[in-house]
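Participant: Give the three-dimensional model of this entry:
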Amino acid sequence: MPTVVVVGGGWAGCSAAVAARKAGAERVVLLERADMLLGTGLVGGIMRNNGRFTATEEAYALGGGDMFDAVEMATRHRNIEFPGHQHANLYDVAKIEPAVREILSKFGIEFQTTARVRDITMDGARIKSVITDKEDEVYGDVFVEATGTAGPQANCSKYGNGCVMCIIRCPSFGPRISVASKAGVKELNGRKADGSLGAMSGSCKLLKESLGKEIVEELDRRGVAVVPIPENLRKSESLSIKACQQYALKEFAENVVLLDTGHAKLMSPFYPLDKLRQIPGFENARFEDPYAGSMGNSMRYLAMSPRDDALKVKGVDNLFCAGEKAGLLVGHTEAIVTGTLAGHNAVRFEMGKEPLVLPDSLAIGDAISHVNQAMQTEDGLKLKYTFSGAQYFKRMKEKGLYSTDVPAIKSRVEEAGLSGVFAQPVH
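Facilitator: Coordinates of the predicted model:
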């Protein structure tokens, strides 16, 4: 049975590790650069909104719902609505990381934090090992890269508004290093609508206790607060730079939309503090992530790996990719499902089995394939894709893939002959 090494401990990497273990890997090693798992998942929190409900239930039916179990353990609000989004759940960003650690421990996964991979060794077209900053050399039979596409600081300075002290914490733990690039793979860059590189993270966190009493009470009660912005303080131009295009709606330019994830999730890539504090209820507002959320946010979607629909990286014999490394799929649900497929396929591949390609009769399979095709075009690289809105959610509805009927979703997976496929060891 193979040893699988997963580089990157975000939602995608953690999901890949669990999936590899369930598929029969004898040993799974998960290496995370920072001191906590989950990366941007530590400041995220939105699950099951719009088509993410469908993708989540598909994952459960496929036998890959373990990370969603962790989300359930930390959920604060269920079935809420906010502009453009229905039936969303919100998890507590302070409780989610320990819940994920519990899942990893249950499966006997060896996970290491403060273990940034800085280099690799190769044997022909195969990766032989990865080397961390601590000079540890970790050998594996097959590798999954889930290092994300944010950082290093130079990218935020070149394509954004500089380092804004976000949850990625490049100065503290070192910049993200691309395993695929180290292996000689020429990677892809996403673009904004104007053709410039990258996309800015789509939301910030405010210290909830710094907000007005009525806003806090509404967040605690409903999970969402929508506060009108005086017209002279609106900044609609920021919508076009967001990675999360599902939130690029006029309601987010005309209102401050807040979601309760423990902190108050501000659905804007940044907001000048002097303007924000002029809005009633925000007189004492303080940013929690990024700390310089008054001037910008982290830049993402740089250095994506060319891959096939089984999530195998092209040009390296034993490397798979997941999460943002696999393309312009935005969000935690998207990271979990790509991570699950990549981890499962890593084991299949090393055992000489044909890697699994999910059919386009499933939303997950269609999204992975559609994004892969779109990324081959200049126009496609300017878009962002998510189950929860924008271009891809529209496609889901047009193709009849969007559903909140759980038995119907299970039947669709069963008709594809894939019920529980991720729960079974590969033989």
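
Participant: Report the contact partners of residue 320.
Facilitator: Applying Cβ atoms under 8 Å, 6 or more residues apart in numbering to residue 320 gives the contacts 16, 142-145, 307, 310-313, 342-343, 345-346, 349. C-beta coordinates here come from the backbone N, C-alpha and C atoms, glycine included.

Participant: Across the sheet, point out what pairs with residue 227.
Facilitator: residue 256 (DSSP bridges).

Participant: Show me how this structure divides into domains.
Facilitator: Following automatic domain parsing, the chain resolves into domains at 3-196+299-423, 202-289.

Participant: Serialize those to CSV and add fields for mean pLDDT.
Facilitator: As requested, the domains of the chain are exported to CSV (pLDDT from 0 to 100):
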stretch, mean pLDDT
domain 3-196+299-423, 96
domain 202-289, 87
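
Participant: what's the most buried one of these?
Facilitator: Of all the domains of the chain, domain 3-196+299-423 carries the top mean neighbour count, a mean of 21, counting by mean count of other Cβ atoms under 10 Å.

Participant: first vs last residue of it, how far apart are they?
Facilitator: Taking Cα to Cα, to the nearest Å, the first and last residues of domain 3-196+299-423 lie 18 Å apart.

Participant: Ok, stretch 310-318 next?
Facilitator: End-to-end span of stretch 310-318 (Cα to Cα): 12 Å.

Participant: So what's the gap between it and the chain middle?
Facilitator: Stretch 310-318 has its C-alpha centroid displaced from the chain centroid by 20 Å (Cα atoms, centre = their mean, to the nearest Å).

Participant: What is the longest helix of this structure by residue count?
Facilitator: helix 332-350 (DSSP state H).

Participant: what's the angle from the helix or strand following that helix to helix 332-350?
Facilitator: Using DSSP states H and E, the helix or strand that follows helix 332-350 in sequence is helix 363-374. Angle, helix 363-374 to helix 332-350, by axes from the mean of the first three to the mean of the last three Cα atoms, to 10 degrees: 90 degrees.

Participant: now for helix 363-374, which elements pack on it?
Facilitator: With contacts taken as 3 or more Cβ pairs under 8 Å, 6 or more residues apart in numbering; DSSP states H and E, helix 363-374 sits against helix 51-62, helix 332-350, helix 390-398.

Participant: can you map out the helices along the stretch 101-250 of the chain?
Facilitator: All helices of the stretch 101-250 of the chain, identified by DSSP state H, counting those that start in this stretch, fall at 153-159, 170-173, 179-182, 213-222, 250-254.

Participant: Out of the helices and strands packed on helix 363-374, flag the one nearest residue 300.
Facilitator: Smallest distance to residue 300 across the helices and strands packed on helix 363-374 (Cβ to Cβ): 12.1 Å, for helix 332-350.

Participant: which helices and strands sit right next to the closest one?
Facilitator: Secondary elements touching helix 332-350 (3+ Cβ pairs under 8 Å, 6+ apart): strand 3-7, helix 11-23, strand 46-47, helix 51-62, helix 66-73, strand 142-145, strand 319-321, helix 363-374.

Participant: Figure out which of these is closest to residue 279.
Facilitator: Judging those by Cβ to Cβ, what sits closest to residue 279 is strand 46-47, at 22.3 Å.

Participant: Okay, now the sheet partners of the closest one, with direction.
Facilitator: strand 85-91 (antiparallel).

Participant: How far does stretch 401-418 sit from its chain's centre?
Facilitator: Computed by Cα atoms, centre = their mean, the separation of stretch 401-418 from the middle of its chain amounts to 23 Å.

Participant: should've said stretch 289-305
Facilitator: Centroid displacement of stretch 289-305 relative to its chain, using Cα atoms, centre = their mean, is 13 Å.

Participant: Compute the first-to-last residue distance for it.
Facilitator: Terminal residues of stretch 289-305 lie 28 Å apart, using Cα to Cα.

Participant: can you check stretch 164-184 too?
Facilitator: Criterion Cα to Cα; first-to-last residue distance in stretch 164-184 is 30 Å.

Participant: What residues does residue 381 make contact with?
Facilitator: Residues near residue 381 by Cβ under 8 Å, 6+ apart: 188-191, 328, 374-375.

Participant: Now do the strands in the stretch 101-250 of the chain.
Facilitator: 110-112, 117-123, 126-132, 137-139, 142-145, 188-189, 199-200, 204-206, 224-228 (DSSP state E, counting those that start in this stretch).

Participant: Go through the ones you listed and name the closest to residue 427.
Facilitator: For residue 427, the closest of the strands of the stretch 101-250 of the chain is strand 142-145, at 17.1 Å, according to Cβ to Cβ.

Participant: what's the closest one packed up against?
Facilitator: Partner elements for strand 142-145 (3+ Cβ pairs under 8 Å, 6+ apart): strand 3-7, helix 11-23, helix 179-182, strand 319-321, helix 332-350.

Participant: Now with 7 Å, please.
Facilitator: Applying 3 or more Cβ pairs under 7 Å, 6 or more residues apart in numbering; DSSP states H and E, we find strand 142-145 packed against strand 3-7, helix 179-182, strand 319-321, helix 332-350.

Participant: what's the offset of it from the middle of its chain?
Facilitator: How far strand 142-145 lies from its chain's middle: 17 Å, per Cα atoms, centre = their mean.
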